[in-house]
Each structure stands twice: as structure tokens, then as C-alpha cells.
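Chemist: Model the structure of this input:
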Amino acid sequence: STTGEGFGDSTGDPSEAGLTNDALYLYHWVKKHSKGSLVCLWGHSLGSGSVSHVTSSAVDALILEAPYTSIGEVVVNHRFTKMYRFLPGFESLLWNIMKMTNIVFANDKNLKSLISPLLILHSEDDNVVPYHMGLEISLQTRRKLNTDAHVEMISYSASLGFSHSSIYLDPNLSGVVR
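Modeler: Numbering: from 1, shown residues only. This next block holds a predicted model:
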């Protein structure tokens, strides 16, 4: 982490702003050394929140793989937390913890200021981030976009078995990203 946000050997506490700054730092470093090549910021799952947060910055393109509406929606609807949702106040406790730690990762809100082309990749059989969240992000961004930024979504059939972490196995992926 370039900003010392508490990962690996870094000190401090991880934050959404720190992860976003790290993504932008990395983008600018690679762009500087790319000899004019197209450079995309690619965020998978939790990483989609960091990448989507840079939408008001001019980057060549954004790719969100298995994006969610907000991290809170994923946590509240996760199979491990679903069994506790019947407890009074449990859901509000989760939301309060995320608010206190300032970890929101709200792709749905971040993409409202999108100025770069966006590609969304999501598998229908995703067992971590429900497919409908990626679809919702795609539709919402297309509807509310006030710029000429291009938005595209590629859905992967459940029959392919890519689930949450195997979209990279798509033999046509390199052609899609060009």
C-alpha cells in the first residue's frame, strides 16, 4: 500500500479513501510507464469499490468484475449473516459498524459521476456477490449517466461455472477487454 493503510507491512488502518488513493497512484504510475498504451483500472469484488470510487478522475477505462451495489448489501445478504437477521437490531448493527469504520464501498453512488468507459463482468452463478447487483449497477449507471461515457455489461451463464472468482477462465476475455 502506497499510503500505509494497514495491509501487509504497512501501518495504520485500512480505509476506503486510502484504497482509492492506492488505485489512482498505481494507475498513474503504470500510465506514465505504458508508452501511451490503454491502461484500465480493474476491480474484482471488494476491489470494485475502490476502483469505482475514482470515477470522477479521468482514467482510460474501468472494469468491474462481480461488482455489488454497496458492501453493506453484500454483508447483510451474505449466507453467514442471513441466519442472524431475525435478531432484533442485527441489520442496523451491521450498517452502524460499516458507517463507524467509514467503509461504505458504494458502487451504486460512486458511478453517478462516471466519466470513463465502464465494462462490467458478472457471472449468473456468483455465490458471493449476487448477479442481480451487477445487473442493477449496469442498468442504473446507463439510466443516470449524464456523460457520453460508454457502459457495457457482459453476463456469463451459470452453465459456464465461473461463479465469483473464475471469469478469468473465459477464453475470449482478452478480446473483450481491448
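
Chemist: For Leu160, which non-adjacent residue is spatially closest?
Modeler: Leaving out its chain neighbours, the residue that sits closest to Leu160 by CB to CB, 6 or more residues apart in numbering is Ser123, at 7.1 Å. Quick note: C-beta positions are derived from backbone N, CA and C, even for glycine.

Chemist: I figured the one you found was touching Tyr156, is that so?
Modeler: Yes - the pair Ser123 and Tyr156 qualifies as a contact (CB atoms under 8 Å) at a distance of 4.1 Å.

Chemist: Now do the shared contacts for those two.
Modeler: Counting by CB atoms under 8 Å, 6 or more residues apart in numbering, the contacts common to Ser123 and Tyr156 are Phe162, Ile167.

Chemist: More neighbours: which of those two?
Modeler: Between Ser123 and Tyr156, Ser123 has the larger neighbour count (other CB atoms under 10 Å), namely 25 against 20.

Chemist: Would you mind listing the buried residues in stretch 77-91?
Modeler: In terms of neighbour count (16 or more other CB atoms under 10 Å), stretch 77-91 has its buried residues at Glu91.

Chemist: So for the longest helix along the chain, what gets flagged as buried?
Modeler: The single longest helix within the chain, with elements called by DSSP state H, is helix 16-33. Neighbour counts over helix 16-33 (16+ other CB under 10 Å) mark Glu16, Gly18, Leu19, Thr20, Asn21, Asp22, Ala23, Leu24, Tyr27 as buried.

Chemist: Tell me what angle the helix or strand following it forms with helix 16-33.
Modeler: From helix 16-33 onward toward the C-terminus, using DSSP states H and E, the following helix or strand is strand 40-44. Relative orientation of strand 40-44 versus helix 16-33 (axes from the mean of the first three to the mean of the last three CA atoms, to 10 degrees): 140 degrees.

Chemist: coming back round to it: now the longest helix of the chain, how far from the centre of its chain.
Modeler: With CA atoms, centre = their mean, to the nearest Å as the basis, helix 16-33 stands 15 Å off its chain's centre.

Chemist: all numbers from here: first residue = 797
Modeler: With the count now opening at 797, the last piece we talked about shows up as helix 812-829.
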